Structures are given as C-alpha cells and as structure tokens.
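any chance you can model this:
(one chain, ligands or ions: 1)
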Amino acid sequence: MKEIEKSIETCVSLVELEKIRVSLFGKKGYFAAQFNELKTLEGEAKKEFAQNLNTNKEHFLEILNQKKLFLEAAMIQEEMQKSRVDVTLFNQESSAGALHPVMETMDKIIEYFISMNFSIEEGPLVEDDFHNFEALNLPKHHPARDMQDTFYFNDAMLLRTHTSPVQIRTMLSQQAPVRMICPGAVFRRDYDITHTPMFHQVEGLVVDKTGKVSFANLKFILEDFLKYMFGDVKVRFRPSFFPFTEPSAEVDISCIFCHGEGCRVCSHTGWLEVLGCGVVDPNVFKAVGYKDVSGYAFGLGVERFAMLLHQVPDLRSLFEGDLRLLEQFR
Ligand code: PHE
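Sure thing, here's the model as predicted:
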C-alpha cells in the first residue's frame, strides 16, 4: 500500500490518477478484492479486518481527492499561462490612425503664421448678415454677394461663407495693432471636383497705424509663406477684385507639377491660383470704428492646398471617409 501511496504522490496527470483510482476502487480493484476476502472471515477477525479496511479506504479516498484538486488547479494554471495575453505588447498588425490631410495641411499653415507672431482667432459658423457681409463692404443687393453662394437660414442669419467675419469680430473687440489669422470651416452652395459645400479657410489680417502696414509687407509675407508651403516656386500677384480690399490681388504660384511648362492641373497656363489678398478697404475700418490705421488681408482655401500638396484630383474625395484614400496619408 505504501507503494500506491507513493505513486499517487508522484502522479502528474489526471489521467494517470484516474488509473490509480480504478486500480483501487474499480470493480476489479484492490478494495473489491478486500471486501470479497472480508466475506470469508468471521467473528473478531472479521471485525478487525473490516475496521482496517474502512480506515484504509477512507484514507485513500482522501488522498486521491486531494491530489485531484491539486492537479486540476495546476491544469487551470497551465491553461491560463498558455493563453495569457500581454496587453502591453506591440501588435504589428494594428493600424495607426493619422491626421486627415486637410487638418495636416491646416496645421502646417498655422505653424507658419504662429512663427510670424500672428494670433489665432475663431468665430461662430452661424453668422449674421452684418459680420459676414455688411461690415465687409458688401451692402445688401451688392452684386459681389453673388461671388459667394450663401446658405441662408432667413434674412438675417446664414452659414458663414468665409472666415472674414472673424476679422470683423476681432476688430470690434480689440484695438489696433491686430496681427491675426482665422482658420476654420466655411460653407457655400457649390459641389464639383474642386468645390465642396463645406471647406476650410485660413484668412489673415494685419492692421497698424497708418503707414506702418503696406502692400509691400503683404507681398513679402505671402511669398515667404508660399515658399514654405510649396518649396522653390515662383510667385506672382495678379490684379483682382474683392469688396473688402483695395487694391486687391490674386496670387499664383508656378505649377508644382509641370514647373511652369503647362499641364492639365494648371490648365496649360503654368500657374496655379492659391490665394486672394489686398489692402483693407477704408469702408471696413469705418464699419468697425477703427481710425488712422492701414492694413492688409489675405485668404486661402485649405482643401486647395491639400489637393496640390498631396495631388488629390477630386476635392470631394477628401470628405468621403474612404480608408483606401486616407491610409495613403499615414
Ligand atoms: N474672404 C475672401 C474669400 O473668402 C478671401 C480674401 C480674404 C480675399 C482677404 C482677400 C482678402 O473669398
């Protein structure tokens, strides 16, 4: 019996333990044989034998049970070790997110103007007629309002068509000098390969005492900015019209795809239009109560910049959330 006890002690698997149990308690096992033997005895001898037998039986039941519990616990432990997940482990398969190309372009633009000491101002997307139009020298029924296909809520309220109203709000709330940009979403009723009803602008405004800010300053900063964004490009200023600036200009860069040779993207002109700008019209300063100041302003579409920088042919695709497109920008 000592030997069996030993084999239970050293047993390392449940299967093995079960074999030992059967050898003891099975129909043809040790105890069955012992009980058969018991039947052949009588009197004191039988009593003594039976007592011994019972103690033995209980003893083995007990150590078998102990061992079984032990092996089961060990097995669970082993199973848990095997299927353990290290949540801190880096998974090669997992895909990292990335900034949307429009936001990444926006950040790059903002970074430049922060380095040039511009403050960043924000304003509401739902604007009133005064801030979006009137104060910008665009009175009611002025034909130039047609330049911006507006989403109206009613006669007085609309979705801002540019971020210029933020410039008005800033001038109304603080005195010159002002040196600001206003990045943000704007809305126009437009939808084709180069227009989406919602897009982003960054507009800038610099105002100081009369004579301190000129078109020359504007020209310098925009040239420097465009070289920062697009590398070594040529920059040209073309006379244009905006109600809120006089004189006004549109700014072109030499085509970054054909380097001025002429291609499909630049409509074979060799130039890409990227900005609007000008010297702030005195009527704008009148509307905000600024006196004895001069200033310049400029505005650009962030999507247009992103399209050019990343060679995205259809602007609408930037807003479809198609992962096959977005994953290319990781
Ligand atoms: N507000 C103009 C637009 O949205 C852009 C612009 C800003 C032009 C400032 C000139 C000066 O089209």
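
whichever residue of the chain sits closest to the ligand pairs with what?
Residue nearest to the ligand within the chain (Cβ to the nearest ligand atom): residue 299, separated by 2.7 Å. For the C-beta atoms, the positions are set from N, CA and C on the backbone; glycine is no exception. Beta-bridge pairing of residue 299 under DSSP bridges involves residue 203, residue 276.

alongside the ligand, which residues does the stretch 151-300 of the chain contribute?
Those residues of the stretch 151-300 of the chain that sit near the ligand, judged by Cβ under 6 Å from any ligand atom, are 162, 164, 203, 242, 245, 276-278, 297-299.

if we use 8 Å, what do you get?
Proximity of the stretch 151-300 of the chain to the ligand, by Cβ under 8 Å from any ligand atom, involves residues 161-164, 167, 186, 201, 203-205, 242, 244-245, 248, 275-278, 297-300.

all strands in the stretch 201-330 of the chain, in order from the N-terminus.
Here the stretch 201-330 of the chain has its strands, by DSSP state E, counting those that start in this stretch, at 235-242, 245-254, 271-280, 293-301.

center of the chain - which residue?
With distances taken as Cα atoms, centre = their mean, the residue of the chain nearest its centroid is residue 99 (5.2 Å).

SS state for that residue?
For residue 99, the assignment made with DSSP: H, G, I helix; E, B strand; the rest coil gives coil.

just want the phi and psi numbers for residue 28.
phi -110, psi 20 (degrees, to the nearest 10).

which residues touch residue 162?
Each residue near residue 162 by Cβ atoms under 8 Å, 6 or more residues apart in numbering is listed here: 132, 148, 186, 201, 203, 299.

what about the residue lying closest to residue 298 once chain neighbours are set aside, neighbour count?
Ranked by Cβ to Cβ, 6 or more residues apart in numbering and with sequence neighbours excluded, the top spatial neighbour of residue 298 is residue 277, at 3.6 Å. Using other Cβ atoms under 10 Å, residue 277 is surrounded by 25 other residues.

repeat for the one 4 residues further on
As a burial measure, residue 281 scores 20 neighbours (other Cβ under 10 Å).

just give me the neighbour total for the residue of the chain closest to the ligand.
Residue 299 has 23 nearby residues by other Cβ under 10 Å.

who's in contact with it?
Applying Cβ under 8 Å, 6+ apart to residue 299 gives the contacts 162-164, 201-204, 275-277.

re the thing from before, the residue nearest to residue 298 and residue 247 touch, don't they?
No - with contact defined as Cβ atoms under 8 Å, residue 277 does not count as touching residue 247 (9.7 Å).

what confidence value was assigned to residue 260?
Looking at residue 260, its pLDDT stands at 87.

distance of it from residue 272?
Distance, residue 260 to residue 272, by Cβ to Cβ, to the nearest Å: 10 Å.

who touches both of those two?
What both residue 260 and residue 272 touch, as defined by Cβ under 8 Å, 6+ apart, is the set residue 254.

could I get the full set of helices for the chain?
Secondary structure of the chain (DSSP state H): helices located at 2-10, 14-25, 30-39, 43-82, 101-115, 129-132, 164-173, 215-230, 282-288, 302-310, 323-326.

dump the second one to CSV, restricted to CA.
Meaning helix 14-25. Presented in CSV, the C-alpha positions along helix 14-25 are these (Å, rounded to 0.1, in the frame of the first residue of the first chain):
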residue,chain,number,x,y,z
LEU,A,14,-5.4,13.4,-14.1
VAL,A,15,-5.4,10.5,-16.5
GLU,A,16,-2.8,8.7,-14.5
LEU,A,17,-4.5,9.5,-11.3
GLU,A,18,-7.8,8.0,-12.6
LYS,A,19,-6.0,4.8,-13.5
ILE,A,20,-4.7,4.6,-9.9
ARG,A,21,-8.3,5.2,-8.6
VAL,A,22,-9.7,2.4,-10.8
SER,A,23,-6.9,0.1,-9.6
LEU,A,24,-8.1,0.8,-6.0
PHE,A,25,-11.9,1.3,-6.2
